[in-house]
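S.K.: Provide a 3D model corresponding to the input given below.
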Amino acid sequence: MKEELIQKAYEVAKERYAAIGVDVEKAMDALQKISLSLHCWQADDVAGFEAQGALTGGIQATGNYPGKARNMEELRQDVLKAASYIPGTHRLNLHEIYGDFGGKFVDRDQVEPAHFESWIQWAAENNMKLDFNSTSFSHPKSGNLSLSNPDKGIRDFWIEHTKRCRAIAEEMGKRQGDPCIMNLWVHDGSKDITVNRMLYRELLKDSLDRIFEVEYKNMKDCVESKVFGIGLESYTVGSNDFYIGYGVSRNKIVTLDTGHFHPTESVADKLSSLLLFIPEIMLHVSRPVRWDSDHVTIMNDETMDLCKEIVRCNALDRVHIGLDYFDASINRIGAYVIGSRATQKCVLQALLEPLDTLRKYEANDQLFERLALLEEGKSLPWNAVWDMFCLKNGVPVGEEFITEIQKYEANVTSKRN
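M.R.: Numbers count the residues shown, from 1 in each chain. Got it, this is the predicted structure:
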(Lines give C-alpha, C1' and ligand atoms only; values in the text may rest on other atoms or scores of the structure.)
Protein backbone atom coordinates (compact mmCIF):
# COMPACT_ATOMS: atom_id res chain seq x y z
CA MET A 1 0.00 0.00 0.00
CA LYS A 2 2.81 2.41 0.85
CA GLU A 3 4.43 1.85 -2.52
CA GLU A 4 1.13 2.64 -4.19
CA LEU A 5 0.89 5.92 -2.23
CA ILE A 6 4.46 6.82 -3.18
CA GLN A 7 3.64 6.23 -6.84
CA LYS A 8 0.46 8.34 -6.66
CA ALA A 9 2.23 11.22 -4.95
CA TYR A 10 5.03 11.03 -7.49
CA GLU A 11 2.62 11.25 -10.44
CA VAL A 12 1.07 14.38 -8.93
CA ALA A 13 4.51 15.89 -8.36
CA LYS A 14 5.58 15.02 -11.88
CA GLU A 15 2.57 16.89 -13.28
CA ARG A 16 3.05 19.83 -10.96
CA TYR A 17 6.69 20.26 -11.98
CA ALA A 18 5.92 19.75 -15.67
CA ALA A 19 3.55 22.72 -15.45
CA ILE A 20 6.52 24.98 -14.70
CA GLY A 21 8.82 23.36 -17.23
CA VAL A 22 10.74 20.93 -15.01
CA ASP A 23 11.36 17.28 -16.01
CA VAL A 24 11.54 15.26 -12.78
CA GLU A 25 12.84 12.14 -14.53
CA LYS A 26 15.76 14.15 -15.86
CA ALA A 27 16.42 15.51 -12.36
CA MET A 28 16.45 12.00 -10.86
CA ASP A 29 18.78 10.76 -13.61
CA ALA A 30 21.19 13.59 -12.80
CA LEU A 31 21.04 12.84 -9.06
CA GLN A 32 21.72 9.16 -9.74
CA LYS A 33 25.05 10.07 -11.32
CA ILE A 34 26.27 12.06 -8.31
CA SER A 35 28.49 10.08 -5.97
CA LEU A 36 29.10 11.53 -2.53
CA SER A 37 32.49 10.85 -0.98
CA LEU A 38 31.68 9.39 2.45
CA HIS A 39 34.31 10.10 5.11
CA CYS A 40 35.67 7.06 6.91
CA TRP A 41 36.44 9.03 10.09
CA GLN A 42 32.77 9.40 11.10
CA ALA A 43 32.77 5.70 12.04
CA ASP A 44 35.52 5.89 14.68
CA ASP A 45 35.91 9.56 15.69
CA VAL A 46 39.09 10.09 13.60
CA ALA A 47 41.06 7.46 15.52
CA GLY A 48 42.53 5.51 12.61
CA PHE A 49 44.62 2.37 12.98
CA GLU A 50 48.01 3.72 14.06
CA ALA A 51 47.45 3.96 17.84
CA GLN A 52 49.52 7.14 17.90
CA GLY A 53 47.61 8.66 20.81
CA ALA A 54 45.30 11.63 21.25
CA LEU A 55 44.01 13.80 18.42
CA THR A 56 46.08 16.90 17.69
CA GLY A 57 46.07 19.66 15.09
CA GLY A 58 42.96 21.33 16.49
CA ILE A 59 40.76 18.31 15.76
CA GLN A 60 38.20 17.30 18.36
CA ALA A 61 35.51 14.62 18.37
CA THR A 62 33.06 15.37 21.16
CA GLY A 63 30.72 12.85 22.75
CA ASN A 64 31.09 9.26 23.86
CA TYR A 65 28.15 7.46 22.26
CA PRO A 66 28.80 3.72 22.57
CA GLY A 67 29.54 1.38 19.70
CA LYS A 68 32.18 3.13 17.59
CA ALA A 69 34.22 1.04 15.16
CA ARG A 70 37.31 -0.33 16.93
CA ASN A 71 39.12 -1.88 14.00
CA MET A 72 39.15 -2.10 10.22
CA GLU A 73 36.60 -4.91 9.99
CA GLU A 74 34.06 -3.03 12.10
CA LEU A 75 34.64 0.24 10.27
CA ARG A 76 34.07 -1.41 6.89
CA GLN A 77 30.97 -3.13 8.19
CA ASP A 78 29.55 0.17 9.48
CA VAL A 79 30.31 2.03 6.24
CA LEU A 80 28.52 -0.61 4.17
CA LYS A 81 25.56 -0.61 6.56
CA ALA A 82 25.27 3.18 6.26
CA ALA A 83 25.62 3.05 2.47
CA SER A 84 22.75 0.55 2.27
CA TYR A 85 20.38 3.32 3.44
CA ILE A 86 21.69 5.99 1.06
CA PRO A 87 20.29 5.97 -2.49
CA GLY A 88 22.83 5.85 -5.31
CA THR A 89 26.43 4.66 -5.58
CA HIS A 90 28.99 6.44 -3.47
CA ARG A 91 32.70 6.70 -2.71
CA LEU A 92 34.76 6.30 0.46
CA ASN A 93 37.26 8.94 1.52
CA LEU A 94 40.20 7.52 3.50
CA HIS A 95 42.79 9.28 5.63
CA GLU A 96 46.27 7.79 5.54
CA ILE A 97 46.02 6.71 9.20
CA TYR A 98 43.38 4.16 8.13
CA GLY A 99 45.91 1.98 6.31
CA ASP A 100 46.07 -1.80 6.73
CA PHE A 101 49.32 -1.93 8.67
CA GLY A 102 48.99 -5.55 9.74
CA GLY A 103 49.44 -4.73 13.42
CA LYS A 104 52.91 -3.28 12.79
CA PHE A 105 54.07 0.29 13.23
CA VAL A 106 54.67 1.97 9.89
CA ASP A 107 55.80 5.57 10.19
CA ARG A 108 54.17 8.00 7.84
CA ASP A 109 57.23 8.63 5.71
CA GLN A 110 57.33 4.87 4.99
CA VAL A 111 53.73 4.27 3.96
CA GLU A 112 53.21 2.51 0.61
CA PRO A 113 50.38 1.45 -1.72
CA ALA A 114 50.73 -2.07 -0.27
CA HIS A 115 49.28 -0.79 2.99
CA PHE A 116 46.06 0.01 1.13
CA GLU A 117 45.88 -3.10 -1.02
CA SER A 118 43.12 -4.64 1.09
CA TRP A 119 41.16 -1.38 0.87
CA ILE A 120 41.47 -1.36 -2.92
CA GLN A 121 40.22 -4.94 -3.09
CA TRP A 122 37.41 -4.29 -0.59
CA ALA A 123 36.29 -1.21 -2.52
CA ALA A 124 36.21 -3.14 -5.81
CA GLU A 125 34.19 -5.96 -4.24
CA ASN A 126 31.66 -3.46 -2.89
CA ASN A 127 31.45 -1.15 -5.90
CA MET A 128 32.79 1.78 -3.90
CA LYS A 129 35.57 3.93 -5.36
CA LEU A 130 38.16 5.51 -3.07
CA ASP A 131 39.41 9.03 -2.38
CA PHE A 132 42.36 9.82 -0.11
CA ASN A 133 43.95 12.29 2.34
CA SER A 134 47.42 12.77 3.71
CA THR A 135 47.46 12.94 7.53
CA SER A 136 49.66 15.52 9.24
CA PHE A 137 47.97 15.58 12.66
CA SER A 138 48.17 13.20 15.65
CA HIS A 139 51.84 12.33 15.25
CA PRO A 140 54.92 13.03 17.42
CA LYS A 141 56.30 15.24 14.62
CA SER A 142 53.07 17.16 14.05
CA GLY A 143 53.67 20.01 16.47
CA ASN A 144 52.28 23.36 15.30
CA LEU A 145 54.10 23.27 11.96
CA SER A 146 54.50 20.42 9.49
CA LEU A 147 55.01 21.32 5.80
CA SER A 148 55.90 24.87 6.84
CA ASN A 149 58.34 23.88 9.58
CA PRO A 150 61.76 25.65 9.50
CA ASP A 151 63.28 22.45 10.90
CA LYS A 152 64.48 20.73 7.73
CA GLY A 153 64.22 17.24 9.21
CA ILE A 154 60.57 17.67 10.22
CA ARG A 155 59.60 19.41 6.99
CA ASP A 156 61.30 16.75 4.87
CA PHE A 157 59.49 14.06 6.87
CA TRP A 158 56.08 15.54 5.97
CA ILE A 159 57.07 16.19 2.36
CA GLU A 160 58.03 12.53 2.01
CA HIS A 161 54.78 11.47 3.70
CA THR A 162 52.68 13.53 1.31
CA LYS A 163 54.60 12.38 -1.75
CA ARG A 164 53.93 8.78 -0.73
CA CYS A 165 50.25 9.56 -0.22
CA ARG A 166 50.05 10.87 -3.79
CA ALA A 167 51.59 7.60 -5.01
CA ILE A 168 48.98 5.67 -3.03
CA ALA A 169 46.18 7.79 -4.52
CA GLU A 170 47.60 7.17 -7.99
CA GLU A 171 47.49 3.40 -7.41
CA MET A 172 43.91 3.63 -6.12
CA GLY A 173 42.81 5.63 -9.15
CA LYS A 174 44.58 3.31 -11.56
CA ARG A 175 43.04 0.19 -10.05
CA GLN A 176 39.50 1.58 -9.86
CA GLY A 177 39.58 3.10 -13.35
CA ASP A 178 38.54 6.49 -12.00
CA PRO A 179 40.72 9.29 -10.62
CA CYS A 180 41.25 9.21 -6.87
CA ILE A 181 40.96 12.69 -5.42
CA MET A 182 43.65 13.33 -2.81
CA ASN A 183 43.09 16.16 -0.39
CA LEU A 184 45.97 17.96 1.29
CA TRP A 185 45.21 19.82 4.51
CA VAL A 186 47.74 20.73 7.18
CA HIS A 187 46.94 22.34 10.51
CA ASP A 188 50.04 24.58 10.53
CA GLY A 189 49.69 27.82 12.47
CA SER A 190 50.32 29.76 15.64
CA LYS A 191 48.33 30.28 18.83
CA ASP A 192 49.54 33.84 19.33
CA ILE A 193 50.95 36.78 17.39
CA THR A 194 53.27 35.72 14.58
CA VAL A 195 56.12 37.85 13.24
CA ASN A 196 57.29 35.42 10.53
CA ARG A 197 54.12 35.00 8.47
CA MET A 198 55.93 35.26 5.16
CA LEU A 199 58.63 32.74 6.10
CA TYR A 200 56.17 29.95 6.92
CA ARG A 201 54.15 30.59 3.76
CA GLU A 202 57.31 30.57 1.67
CA LEU A 203 58.20 27.23 3.21
CA LEU A 204 54.70 25.82 2.61
CA LYS A 205 54.80 26.97 -1.02
CA ASP A 206 58.20 25.32 -1.50
CA SER A 207 57.01 22.10 0.18
CA LEU A 208 53.95 21.92 -2.06
CA ASP A 209 56.03 22.51 -5.19
CA ARG A 210 58.32 19.65 -4.17
CA ILE A 211 55.36 17.39 -3.37
CA PHE A 212 53.70 18.04 -6.74
CA GLU A 213 56.86 17.57 -8.84
CA VAL A 214 55.70 14.17 -10.11
CA GLU A 215 52.76 14.26 -12.53
CA TYR A 216 50.17 11.51 -12.16
CA LYS A 217 47.35 10.48 -14.49
CA ASN A 218 45.05 8.57 -12.14
CA MET A 219 44.75 10.95 -9.19
CA LYS A 220 43.77 14.57 -8.69
CA ASP A 221 45.31 16.92 -6.14
CA CYS A 222 43.30 19.34 -4.06
CA VAL A 223 44.43 21.79 -1.38
CA GLU A 224 42.31 22.87 1.60
CA SER A 225 42.40 26.09 3.60
CA LYS A 226 41.23 27.02 7.08
CA VAL A 227 40.57 30.19 9.07
CA PHE A 228 42.11 28.93 12.30
CA GLY A 229 42.48 25.83 14.43
CA ILE A 230 41.87 25.17 18.11
CA GLY A 231 45.16 26.05 19.80
CA LEU A 232 46.31 27.82 16.62
CA GLU A 233 43.94 30.77 16.69
CA SER A 234 46.10 33.73 15.61
CA TYR A 235 47.62 32.53 12.35
CA THR A 236 47.00 29.81 9.79
CA VAL A 237 49.74 29.26 7.22
CA GLY A 238 47.43 27.64 4.65
CA SER A 239 44.78 30.35 4.57
CA ASN A 240 42.06 30.73 1.94
CA ASP A 241 44.05 33.46 0.18
CA PHE A 242 47.17 31.29 0.14
CA TYR A 243 45.45 28.28 -1.39
CA ILE A 244 43.43 30.24 -3.92
CA GLY A 245 46.67 31.78 -5.14
CA TYR A 246 48.38 28.40 -5.15
CA GLY A 247 45.48 26.59 -6.80
CA VAL A 248 45.11 29.16 -9.58
CA SER A 249 48.86 29.39 -10.25
CA ARG A 250 49.39 25.61 -10.17
CA ASN A 251 46.08 24.52 -11.73
CA LYS A 252 45.07 22.53 -8.64
CA ILE A 253 41.64 21.74 -7.24
CA VAL A 254 40.72 23.93 -4.28
CA THR A 255 38.80 22.33 -1.42
CA LEU A 256 36.10 24.40 0.25
CA ASP A 257 35.11 23.07 3.67
CA THR A 258 31.84 24.67 4.79
CA GLY A 259 33.17 24.93 8.35
CA HIS A 260 36.46 26.59 7.43
CA PHE A 261 35.24 30.13 6.93
CA HIS A 262 33.85 32.97 9.02
CA PRO A 263 30.33 32.12 10.27
CA THR A 264 28.61 34.77 8.09
CA GLU A 265 30.64 33.98 4.96
CA SER A 266 28.79 32.34 2.05
CA VAL A 267 30.67 29.34 0.69
CA ALA A 268 28.09 29.07 -2.12
CA ASP A 269 29.11 32.50 -3.38
CA LYS A 270 32.70 31.34 -3.87
CA LEU A 271 31.88 28.70 -6.50
CA SER A 272 31.19 30.96 -9.47
CA SER A 273 34.42 32.89 -8.89
CA LEU A 274 36.70 29.92 -8.38
CA LEU A 275 35.29 27.95 -11.31
CA LEU A 276 36.48 30.71 -13.64
CA PHE A 277 40.10 30.10 -12.67
CA ILE A 278 40.58 26.51 -11.48
CA PRO A 279 39.65 23.20 -13.14
CA GLU A 280 37.47 21.74 -10.38
CA ILE A 281 36.32 22.24 -6.81
CA MET A 282 36.15 19.77 -3.93
CA LEU A 283 33.52 20.40 -1.26
CA HIS A 284 33.69 19.16 2.31
CA VAL A 285 30.15 19.55 3.60
CA SER A 286 29.34 19.75 7.30
CA ARG A 287 27.27 21.96 9.61
CA PRO A 288 29.31 24.56 11.51
CA VAL A 289 27.00 25.40 14.43
CA ARG A 290 29.52 27.94 15.69
CA TRP A 291 32.69 27.42 13.68
CA ASP A 292 33.99 24.17 12.21
CA SER A 293 32.13 22.18 14.86
CA ASP A 294 31.52 19.43 12.29
CA HIS A 295 27.91 18.77 13.23
CA VAL A 296 25.98 16.38 11.00
CA THR A 297 24.87 17.98 7.75
CA ILE A 298 21.16 18.77 7.58
CA MET A 299 18.91 20.30 4.97
CA ASN A 300 19.55 23.91 5.98
CA ASP A 301 19.85 27.14 4.01
CA GLU A 302 23.64 26.95 3.72
CA THR A 303 23.66 23.44 2.23
CA MET A 304 20.71 24.30 -0.01
CA ASP A 305 22.43 27.44 -1.32
CA LEU A 306 25.60 25.47 -1.98
CA CYS A 307 23.82 22.79 -4.01
CA LYS A 308 21.73 25.29 -5.93
CA GLU A 309 24.84 27.22 -6.89
CA ILE A 310 26.48 24.07 -8.25
CA VAL A 311 23.49 23.48 -10.53
CA ARG A 312 23.13 27.15 -11.45
CA CYS A 313 26.80 27.20 -12.47
CA ASN A 314 26.21 24.08 -14.61
CA ALA A 315 29.10 22.56 -12.67
CA LEU A 316 27.90 19.11 -11.61
CA ASP A 317 30.82 17.62 -13.52
CA ARG A 318 33.36 20.02 -11.98
CA VAL A 319 32.34 20.07 -8.32
CA HIS A 320 32.96 17.00 -6.17
CA ILE A 321 30.90 16.61 -3.01
CA GLY A 322 32.47 15.03 0.04
CA LEU A 323 31.18 14.91 3.61
CA ASP A 324 33.34 15.96 6.54
CA TYR A 325 31.71 15.82 9.93
CA PHE A 326 32.23 13.57 12.94
CA ASP A 327 29.69 13.51 15.70
CA ALA A 328 30.53 11.18 18.57
CA SER A 329 27.38 12.10 20.52
CA ILE A 330 24.87 10.15 18.41
CA ASN A 331 24.65 6.83 16.59
CA ARG A 332 27.47 7.07 14.06
CA ILE A 333 25.78 5.06 11.32
CA GLY A 334 22.73 7.27 11.75
CA ALA A 335 24.97 10.33 11.39
CA TYR A 336 26.27 9.02 8.05
CA VAL A 337 22.75 8.45 6.75
CA ILE A 338 21.23 11.73 7.94
CA GLY A 339 24.04 13.84 6.47
CA SER A 340 24.22 11.97 3.17
CA ARG A 341 20.49 11.96 2.55
CA ALA A 342 20.19 15.63 3.55
CA THR A 343 22.88 16.57 1.04
CA GLN A 344 21.14 14.56 -1.68
CA LYS A 345 17.82 16.20 -0.87
CA CYS A 346 19.43 19.60 -1.33
CA VAL A 347 20.93 18.56 -4.67
CA LEU A 348 17.55 17.22 -5.82
CA GLN A 349 15.79 20.46 -4.97
CA ALA A 350 18.47 22.33 -6.90
CA LEU A 351 17.88 20.08 -9.91
CA LEU A 352 14.12 20.73 -9.68
CA GLU A 353 14.44 24.51 -9.92
CA PRO A 354 12.63 26.04 -12.94
CA LEU A 355 15.95 27.59 -13.89
CA ASP A 356 15.09 28.53 -17.48
CA THR A 357 12.07 30.54 -16.36
CA LEU A 358 13.93 32.13 -13.47
CA ARG A 359 16.75 33.23 -15.77
CA LYS A 360 14.26 34.61 -18.27
CA TYR A 361 12.65 36.69 -15.54
CA GLU A 362 16.06 37.94 -14.45
CA ALA A 363 17.14 38.83 -17.97
CA ASN A 364 13.92 40.81 -18.46
CA ASP A 365 14.34 42.60 -15.10
CA GLN A 366 11.15 40.92 -13.86
CA LEU A 367 12.38 40.84 -10.30
CA PHE A 368 8.99 40.41 -8.61
CA GLU A 369 8.34 37.37 -10.79
CA ARG A 370 11.77 35.92 -10.08
CA LEU A 371 11.35 36.22 -6.30
CA ALA A 372 7.78 34.94 -6.42
CA LEU A 373 8.74 31.80 -8.35
CA LEU A 374 11.72 31.15 -6.06
CA GLU A 375 9.37 31.32 -3.08
CA GLU A 376 6.70 29.11 -4.67
CA GLY A 377 9.38 26.58 -5.55
CA LYS A 378 10.07 26.02 -1.86
CA SER A 379 6.65 24.42 -1.35
CA LEU A 380 6.53 22.33 -4.52
CA PRO A 381 6.27 18.54 -3.84
CA TRP A 382 9.96 17.75 -4.19
CA ASN A 383 9.67 15.23 -1.33
CA ALA A 384 7.43 13.03 -3.47
CA VAL A 385 10.23 12.91 -6.07
CA TRP A 386 12.73 12.10 -3.32
CA ASP A 387 10.56 9.22 -2.08
CA MET A 388 10.41 7.81 -5.60
CA PHE A 389 14.18 8.17 -5.94
CA CYS A 390 14.66 6.14 -2.74
CA LEU A 391 12.14 3.53 -3.88
CA LYS A 392 13.87 3.11 -7.24
CA ASN A 393 17.19 2.65 -5.47
CA GLY A 394 15.82 0.03 -3.09
CA VAL A 395 16.57 1.98 0.09
CA PRO A 396 14.16 2.87 2.93
CA VAL A 397 11.68 5.62 2.11
CA GLY A 398 11.10 8.41 4.61
CA GLU A 399 11.86 7.64 8.24
CA GLU A 400 11.97 3.85 7.73
CA PHE A 401 15.77 3.81 8.07
CA ILE A 402 15.50 4.83 11.75
CA THR A 403 14.12 1.44 12.79
CA GLU A 404 16.68 -0.38 10.64
CA ILE A 405 19.58 1.47 12.26
CA GLN A 406 18.12 0.78 15.70
CA LYS A 407 18.13 -2.94 14.86
CA TYR A 408 21.78 -2.75 13.78
CA GLU A 409 22.62 -1.00 17.02
CA ALA A 410 20.82 -3.63 19.09
CA ASN A 411 22.40 -6.55 17.24
CA VAL A 412 25.89 -5.20 16.43
CA THR A 413 27.26 -1.92 17.74
CA SER A 414 25.80 -2.15 21.27
CA LYS A 415 27.84 -5.32 21.79
CA ARG A 416 31.14 -3.48 21.28
CA ASN A 417 32.94 -2.69 24.55
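S.K.: now the residue nearest the centre of the chain, which residues is it bridged with?
M.R.: Geometric centre of the chain, nearest residue: G322, 2.0 Å, by C-alpha atoms, centre = their mean. Taking DSSP bridges as the rule, G322 bridges to S37, H284.
S.K.: can you tell me which residues contact it?
M.R.: Residues counted as contacts of G322 (C-beta atoms under 8 Å, 6 or more residues apart in numbering) are 36-39, 93, 131, 181, 183, 282-285. Using the backbone N, CA and C atoms, a C-beta is placed for each residue, glycine as well.
S.K.: contact partners of stretch 300-319?
M.R.: Under C-beta under 8 Å, 6+ apart, the answer for stretch 300-319 is 30, 33-34, 258, 266-269, 271-272, 275, 279-283, 285, 287, 297, 321, 342-343, 346-347, 349-351, 353, 355.
S.K.: From those, which land in helices?
M.R.: Among these, the members found in helices (DSSP state H) are 30, 268-269, 271-272, 342-343, 346-347, 349-351, 355.
S.K.: Please enumerate the strands of this protein.
M.R.: In the chain, the segments counted as strands under DSSP state E are 37-39, 91-95, 130-133, 180-184, 189-190, 219-224, 235-236, 253-257, 281-285, 319-323.
S.K.: which residue lies farthest from the center of this structure?
M.R.: Farthest-from-centroid check, the chain (C-alpha atoms, centre = their mean): N364, 37.7 Å.
S.K.: Could you check how far that residue is from S272?
M.R.: 21 Å (C-beta to C-beta, to the nearest Å).
S.K.: Can you report how many residues lie near S84?
M.R.: Neighbour count for S84, taken as other C-beta atoms under 10 Å: 15.
S.K.: Surely it touches G394?
M.R.: No - if you go by C-beta atoms under 8 Å, S84 and G394 don't touch, sitting 9.0 Å apart.
S.K.: any idea how far A169 is from D221?
M.R.: 8 Å.
S.K.: And these two? Which one has more around it.
M.R.: Taking other C-beta under 10 Å, D221 and A169 do not tie; A169 has more neighbours (29 against 21).
S.K.: list the contacts for that one?
M.R.: Here A169 is in contact with 131-132, 180-182, 216, 218-219 (C-beta under 8 Å, 6+ apart).
S.K.: okay, among those residues, which ones form the most distant pair?
M.R.: Spatially, the most separated pair among the contacts of A169 is D131 and Y216, at 14.2 Å (C-beta to C-beta).
S.K.: between these two, who's got more neighbours?
M.R.: Taking neighbours as other C-beta under 10 Å, D131 and Y216 compare with D131 leading, 27 against 18.
S.K.: Distance-wise, check the more buried one relative to G339.
M.R.: Applying C-beta to C-beta to D131 and G339 gives a distance of 16 Å.
S.K.: cool, N183 as well?
M.R.: Taking C-beta to C-beta, one finds N183 at 18 Å from G339.
S.K.: Then F401?
M.R.: Where G339 is concerned, F401 sits at a distance of 13 Å (C-beta to C-beta).
S.K.: Tell me which of the two has more neighbours.
M.R.: G339 (28 against 21).
S.K.: what about the nearest residue to D178 once chain neighbours are set aside, neighbour count?
M.R.: Once flanking residues are discounted, D178 sits nearest to K129: 5.3 Å by C-beta to C-beta, 6 or more residues apart in numbering. For K129, the neighbour count with other C-beta under 10 Å is 21.
S.K.: let's have the chain start at 239 instead
M.R.: With the count now opening at 239, the last piece we talked about shows up as K367.
S.K.: State the pLDDT value of A292.
M.R.: Listed pLDDT for A292 reads 74.
S.K.: mind listing what it touches?
M.R.: Here A292 is in contact with S376 (C-beta under 8 Å, 6+ apart).
S.K.: hmm, 10 Å instead?
M.R.: By C-beta atoms under 10 Å, 6 or more residues apart in numbering, A292 lies in contact with 285, 376.
S.K.: which residues does the residue nearest to I576 when sequence neighbours are not counted contact?
M.R.: Spatially, and ignoring its direct neighbours in sequence, I576 is nearest to V534 (5.3 Å; C-beta to C-beta, 6+ apart). Going by C-beta under 10 Å, 6+ apart, V534 touches 280, 524-525, 561, 563-565, 567-568, 570, 572-578, 580.
S.K.: Looking at these, which are in helices?
M.R.: Secondary structure from DSSP H places 570, 572-578, 580 of the contacts of V534 in helices.
S.K.: Any idea how many residues pack against the residue nearest to A307 when sequence neighbours are not counted?
M.R.: With sequence-adjacent residues excluded and distances taken as C-beta to C-beta, 6+ apart, A307 is closest to L313, at 3.8 Å. Per other C-beta under 10 Å, the neighbour tally for L313 reads 23.
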